[in-house]
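Asks: Using only what follows, build the 3D model:
(2 chains)
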Amino acid sequence: MKIELKHVTKKFPNRDRKIHEFVVAVSDMTVEIPDGSLVSILGPSGCGKSTALNLISGLEAPTEGWIFFDGEDVTDLPPEKRGIGMVFQSYALYPHLTVMKNIMFPLENLKGDKKLTRAEMKKKVEEVARIVQIDELLFRKPKQMSGGQQQRVAIARALVKRPRVLLLDEPLSNLDARLRIQTREEIRRIQKETGITTVFVTHDQEEAMSISDIIIVMKQGVVYQTGRPQDVYDSPANLFVAKFLGTPPINVLGGEVKDGNLYVGHDKVLPVRLKDNADRRVFVGIRPEGLILAGDDDQYVLHGKVKSIQVMGRDNTIVANHHAMSEGTDLRAIVSASDARSVGDSGNVSFKLDPAKVFLFDREDETRVEFEYTGSVNEADEQSEEEHVEE
Amino acid sequence: MLKNNNKAWLYLLPAIVFLGVFMVYPLFDVLIYSFEEGYNFTSQTYHGIGFYNYSYVLRDPYFLQAVKNTFILVIITVPLSTGIALLIALALNSIKRLKDLFHTVFFLPYVTNTLAVGLVFMIMFKKTPYSDGFINVLIKAFGGNAVDFIDGPYWAKMFVMCLYTIWIVMPFKILILTSALASVDDTYYKAAKIDGTGRLRMFTKITLPMISPMLFYLVITGFIGAFKAYSDEVAIFGTDLNSAGMNTIVGYVYDMLYGNSGGYPSYASAAALILFVIVFTITVINLMISRKAVVETR
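Replies: Alright, predicted model coming up:
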């Protein structure tokens, strides 16, 4: 089912009753969640993502704006009439009931002509238990199960009524790292199998990127960008989104566009042209994989001083200093293990930049500043070909 | 290992000595007293061992009256006070405005002296040559006949007694239950709400099971407390409870020791042990029921 939020705003009274100003949890949010997709709402804690989910579920009513399910206005509809299933961060499994009874709980609430017989309920429970693969555990109590199993029970309970929308509020944050990866793939599988429109709230960008069709990046109640994970990563709309996505995070340096070149500190790093042809001071964001070890004859290079090399196995991270980086942050470059070997543990290092991995942002409002790469396109290609030969 | 053990006993010694002198020794003493026939308080002599004290107590109409009173008190006040306390706690939990004020108001009786409260109850219910008392004024205003609640018929006295007991034990129960209700994770209710759970079902299927350990704690301690009632009766009916017909088992024990007709520690001991057996039995039954009914909430 398609979900639309139109200019949705949610304000809460301040917790401190002496302050009469409202806290704006969600501000003028307008998004469209296509039918059958898995959408992640991503943002740091306190960004309003859980509130956004509660607004979709109906647990909270918006202060302003409208919410539509398949074109139908559900803004004033109570949660139970919206046809949703929800999984909470704590799972909220009833501790005194068995798995079977937990999953059956929503079915027992049905009234009137929707009322089911005991046998029908049991059948539905077993069906959904099979989908989430907990059919062996139906007679256990929640505390006799692992976190991952509890998680599945919670999903089963949310799915048993065949809701039109599945909402997941930080469903993986109580699991350990290995289980988290496993479970998120499981969630993806279940979502694909059931074709149910799913909204997933998380603060973990990796989690969001890996399983979503679309991600919605939020900060302080405002939607910063919406799009397919790869598109958002490759083309962040502003500095916040650029910084929030990617591990290790993007390198941000102070820079300047002057006379057709991009300078970072004293280093002339890229030949560029801005749309308005003007010179201006900018923030330069460089993805760690956009820093390529430079050869001796490269004209456009970024000089750094190696601090350490972090060995990760396949790729290594070069941690370096650069004078244009803000205090306390390091330049990080991901290079192949073989390339990393050519760099000493200390001393100088120079990188050339992959223009596709370089983003410029306005110094004031931190929005993206488009630029045109005016250098030869081949240079980067040559490089990659060379690498190819080496391998 | 052994050395460790010795050290542990050493640490426990003060508590053991204290408990031994003030708990264990008196308990055995009471047991012995209860079997010593014809014990003389002044000469501290007795002339036989046997069950006479028990048979005397069990045939004493005052004791039987006390047992009856105690049981009526227990059976009426424990369920009622727990139930009403739960209702008030639920209401307190659902209001937002003036919550703290109501918490304080409902807790006030707990910090008020029993005798002072009893005095107020007596003034409200007592009929004197000069006035009918506040409650009788109310009854008359609604067209009823005045009743003497303090010196009148048995049911009226029992009514005041029960009302008083409920009123006096309620604050503690409300306190415990409001915190029990507040400790139930709100997400359970959210999850239930999304699943379209009705309010009554939410209460019976989520709230009640989740607070059941506290509820049973209150019922068990409530039973024990009500069986041991005494000071509340004195507060309303004065020290001569036998003539008022409102004595309790503990009151009987006290009277046998120190009352106007007192000086019979053997009878008192026998009565105390009978009370102990009653309380013990009821508590065991309670625990057996609770093991089945109380759910594990964690």
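
Asks: burial count for the closest residue to A:Gly36 other than its chain neighbours?
Replies: Nearest residue to A:Gly36 in three dimensions, chain neighbours excluded: A:Gly195, at 5.1 Å (CB to CB, 6 or more residues apart in numbering or on different chains). Heads up, the C-betas are built off the backbone N, CA and C, glycines and all. Neighbour count for A:Gly195, taken as other CB atoms under 10 Å in any protein chain shown: 10.

Asks: Give me the distance between A:Gly195 and A:Leu167.
Replies: Distance from A:Gly195 to A:Leu167, counting by CB to CB, to the nearest Å: 16 Å.

Asks: Next: A:Leu274.
Replies: Between A:Leu274 and A:Leu167 the computed distance is 43 Å (CB to CB).

Asks: Could you do A:Thr63 as well?
Replies: 20 Å.

Asks: before we move on, the earlier item: give me the more crowded residue out of A:Leu274 and A:Leu167.
Replies: More crowded of A:Leu274 and A:Leu167, by other CB under 10 Å: A:Leu167, with 27 against 17.

Asks: Do I have it right that that one meets A:Leu53?
Replies: Yes - with contact defined as CB atoms under 8 Å, A:Leu167 counts as touching A:Leu53 (5.4 Å).

Asks: so where do the helices sit in chain A?
Replies: Using DSSP state H, the helices found in chain A span residues A:49-57, A:99-108, A:118-131, A:147-159, A:177-194, A:205-211, A:229-234, A:239-244, A:337-341, A:378-390.

Asks: and of those, who's closest to chain B?
Replies: Distance to chain B, taken as CB to the nearest CB, is lowest for helix A:99-108 among the helices of chain A, at 3.7 Å.

Asks: do the closest one and chain B meet at all?
Replies: Yes - Helix A:99-108 comes into contact with chain B (CB under 8 Å from any CB of the partner chain), by way of A:105-106, A:108.

Asks: Check which helices and strands that helix sits against.
Replies: The helices and strands touching helix A:99-108, judged by 3 or more CB pairs under 8 Å, 6 or more residues apart in numbering or on different chains; DSSP states H and E, are helix A:118-131, helix A:147-159.

Asks: Now do it against helix A:147-159, angle only.
Replies: Interaxial angle of helix A:99-108 relative to helix A:147-159 (axes from the mean of the first three to the mean of the last three CA atoms, to 10 degrees): 20 degrees.

Asks: Could you check helix A:99-108 and say which residues are buried?
Replies: A:99-108 (16 or more other CB atoms under 10 Å in any protein chain shown).

Asks: want to throw the residues you listed into TSV with pLDDT?
Replies: Below are the buried residues of helix A:99-108 laid out as TSV (pLDDT from 0 to 100):
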residue	pLDDT
A:Val99	94
A:Met100	94
A:Lys101	93
A:Asn102	93
A:Ile103	94
A:Met104	93
A:Phe105	93
A:Pro106	92
A:Leu107	92
A:Glu108	91
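
Asks: Next, give me the two most distant ones among the residues you listed.
Replies: Farthest apart among the buried residues of helix A:99-108 by CB to CB are A:Val99 and A:Glu108. That separation is 14.6 Å.

Asks: so after the longest helix seen in chain B, what's the next helix or strand?
Replies: Longest helix in chain B, counting residues (DSSP H): helix B:61-94. Using DSSP states H and E, the helix or strand that follows helix B:61-94 towards the C-terminus is helix B:99-107.

Asks: could you give the angle of that next one to helix B:61-94?
Replies: Between the axes of helix B:99-107 and helix B:61-94, defined by the same axes, to 10 degrees, the angle is 180 degrees.

Asks: other SSEs contacting helix B:99-107?
Replies: helix B:61-94, helix B:154-182.

Asks: and the longest one, what's its mean pLDDT?
Replies: Averaged across helix B:61-94, the pLDDT comes to 93.

Asks: Return the residues in contact with the closest residue to B:Phe51 other than its chain neighbours.
Replies: Counting by CB to CB, 6+ apart, B:Phe35 is the residue found nearest to B:Phe51 once chain neighbours are left out, at 7.4 Å. B:Phe35 sits next to B:49-51, B:53 when contact means CB atoms under 8 Å, 6 or more residues apart in numbering or on different chains.

Asks: Select from these the one having the most neighbours.
Replies: B:Asn53 (24 neighbours).

Asks: what does the host helix or strand of that one rub up against?
Replies: Using DSSP H and E, B:Asn53 sits within helix B:52-59. Outside helix B:52-59, the residues that touch it by CB under 8 Å, 6+ apart are B:34-38, B:63-64, B:266-267, B:269-271, B:274.

Asks: can I get these in a markdown table with secondary structure?
Replies: Converted to a markdown table, the contacts of helix B:52-59 look like this (DSSP: H, G, I helix; E, B strand; the rest coil):
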| residue | secondary structure |
| --- | --- |
| B:Ser34 | helix |
| B:Phe35 | helix |
| B:Glu36 | strand |
| B:Glu37 | coil |
| B:Gly38 | coil |
| B:Phe63 | helix |
| B:Leu64 | helix |
| B:Ser266 | helix |
| B:Tyr267 | helix |
| B:Ser269 | helix |
| B:Ala270 | helix |
| B:Ala271 | helix |
| B:Ile274 | helix |
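
Asks: I'd like to know how far A:Gly147 sits from A:Val269.
Replies: Distance of A:Gly147 to A:Val269, given as CB to CB: 47 Å.
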